[in-house]
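>>> the sequence and its predicted three-dimensional model are supplied below.
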Amino acid sequence: MTTNPFGRVITAMVTPMRPDGSVDEVGLRAVVEHLIANGHDGIVVNGTTGEASTLSDDESIDVVRLSKEIVGDRAAITAGIGSNDTAHSIHMAARAAEVGADALLLVSPYYNKPTQAGLVAHCRAVADSTELPVMLYDIPGRTGVEFSTQTLLELAQHPRIAAVKDAKADLWASTHVMAATDLLWFSGDDVLTLAHLAQGAVGCVSVVGHVAGKEYAAMIAAVDAGDLATAREIHRRLIPAVDAIMTTSQGAIMAKAALVELGVIDSAFVRLPLVESPPEDLEILRKGLAAAGLR
């Protein structure tokens, strides 16, 4: 199997913001330390949950730099650098590498809907641009463009394309690619993490991991040990938290609200077009965290 430079218990980290909308570096440090203290050996920054689409280039790079300075060698920092402009992704990949990123997260280009041939060319161009390992991010529900099985088989031949964050919800397609390649597979959907692990994924890139890192670490360890009963018990225990964070509203909104509930950060501010949780959603969140034993 390919050496894993990403970690196994990974959260797609929020970008804490002050009530005026500016990036909160004190809050960022608090979230990073919280994740490290709760079972994480990897963190994804500037992903969907990090509100990457509303961060400036300089803000994105500052988040990478500060996150790496905080973690040192305690965890891998994977920097989201994807966009729908290949040249811009290449530019951001170079900047992320310069400030210490350990790996790159590359989402399929959104809005312009390239062909699969264009998607292959895009990913190869970005992977060629630095020496960092690349995790592909397959989330067609957001981008409108999936990585087809054949495309993943082609991209697996690139020496630096090493992993897939799978948020496509097609377990059979995942099985085909895992059987035919040595790509490291990560669940990118908290609802399906146990299913992905059971069929060969090495870890998760979670949102609920903001509050359940130790639980996901235990789930992964249980699957490694062949103890499916324990993994299934953890999976079922987390149902209320997963429902509250992933289906009540929107992941970034609810993850920030959860971190405020746990006292990790002071502000749940999100940038427009996202808006903070209304009181009724916060009540669902509180009940979900309590029912899952997370507060």
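Noted; the coordinates are in hand.

>>> and the end-to-end length of stretch 157-177?
End-to-end span of stretch 157-177 (Cα to Cα, to the nearest Å): 12 Å.

>>> that stretch: which residues count as buried?
160-169, 173-174, 177 (16 or more other Cβ atoms under 10 Å). Heads up, the C-betas are built off the backbone N, CA and C, glycines and all.

>>> kindly reformat those residues as TSV containing pLDDT.
Below are the buried residues of stretch 157-177 laid out as TSV (pLDDT from 0 to 100):
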residue	pLDDT
R160	98
I161	98
A162	98
A163	98
V164	98
K165	98
D166	98
A167	98
K168	97
A169	96
A173	98
S174	98
V177	98
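
>>> now tabulate these in TSV and tack on distance to V14 and secondary structure.
TSV is the format used below for those (distance: Cβ to Cβ, whole Å; DSSP: H, G, I helix; E, B strand; the rest coil):
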residue	distance to V14	secondary structure
R160	27	coil
I161	27	strand
A162	25	strand
A163	22	strand
V164	23	strand
K165	17	strand
D166	21	strand
A167	17	coil
K168	23	coil
A169	23	coil
A173	29	helix
S174	26	helix
V177	29	helix
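
>>> farthest-apart pair in those, please.
R160 and A169 (26.5 Å; Cβ to Cβ).

>>> which member of the buried residues of stretch 157-177 is positioned nearest I253?
A167 (17.4 Å).

>>> ok, and the closest non-adjacent residue to the closest one?
G188 (3.6 Å; Cβ to Cβ, 6 or more residues apart in numbering).

>>> can you check I70 too?
V32 (4.6 Å).

>>> and for V145?
Using Cβ to Cβ, 6+ apart, the nearest residue to V145 is S108, at 4.4 Å.

>>> all helices of the chain, in order?
Remark: helices assigned in the chain by DSSP state H are 25-37, 57-71, 86-98, 116-128, 140-143, 149-155, 171-180, 193-198, 209-224, 228-237, 239-246, 251-261, 279-291.

>>> tell me what the longest one is packed against?
I take that to be helix 209-224. strand 9-12, helix 25-37, helix 193-198, strand 203-206, helix 228-237, helix 239-246, helix 251-261 (3 or more Cβ pairs under 8 Å, 6 or more residues apart in numbering; DSSP states H and E).

>>> circling back: for the residue nearest to A167, phi and psi?
phi -110, psi 20 (degrees, to the nearest 10).

>>> ok, now which ones touch L183?
Listed by Cβ atoms under 8 Å, 6 or more residues apart in numbering, the contact set of L183 reads 2, 152, 156, 161-164, 177.

>>> err, R65, not the other one
Neighbours of R65 in contact, by Cβ under 8 Å, 6+ apart: 99-100.

>>> any idea how far it lies from D85?
22 Å (Cβ to Cβ, to the nearest Å).

>>> re the thing from before, is it possible to export the buried residues of stretch 157-177 to CSV including distance to L28?
Output for these, formatted as CSV (distance: Cβ to Cβ, whole Å):
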residue, distance to L28
R160, 28
I161, 29
A162, 26
A163, 24
V164, 27
K165, 21
D166, 27
A167, 24
K168, 30
A169, 30
A173, 35
S174, 32
V177, 34
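
>>> of the residues you listed, which is the nearest to D41?
A163 (14.1 Å).

>>> from V126, how far off is that closest one?
For A163, the distance to V126 - Cβ to Cβ - is 14 Å.

>>> G50: which of the contacts of L183 is nearest?
Looking across those and measuring by Cβ to Cβ, the closest to G50 is A163, at 18.1 Å.

>>> so who does the residue lying closest to L238 once chain neighbours are set aside touch?
Nearest residue to L238, sequence neighbours excluded (Cβ to Cβ, 6+ apart): A292, at 5.3 Å. Neighbouring residues of A292 by Cβ under 8 Å, 6+ apart: 212, 237-241.

>>> by neighbour count, which of those residues wins?
A212 (29 neighbours; other Cβ atoms under 10 Å).

>>> redo the contacts of A292 as TSV? Include distance to T130 and pLDDT.
Shown next, in TSV, are these (distance: Cβ to Cβ, whole Å; pLDDT from 0 to 100):
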residue	distance to T130	pLDDT
A212	32	98
R237	40	98
L238	36	98
I239	40	98
P240	41	98
A241	36	98
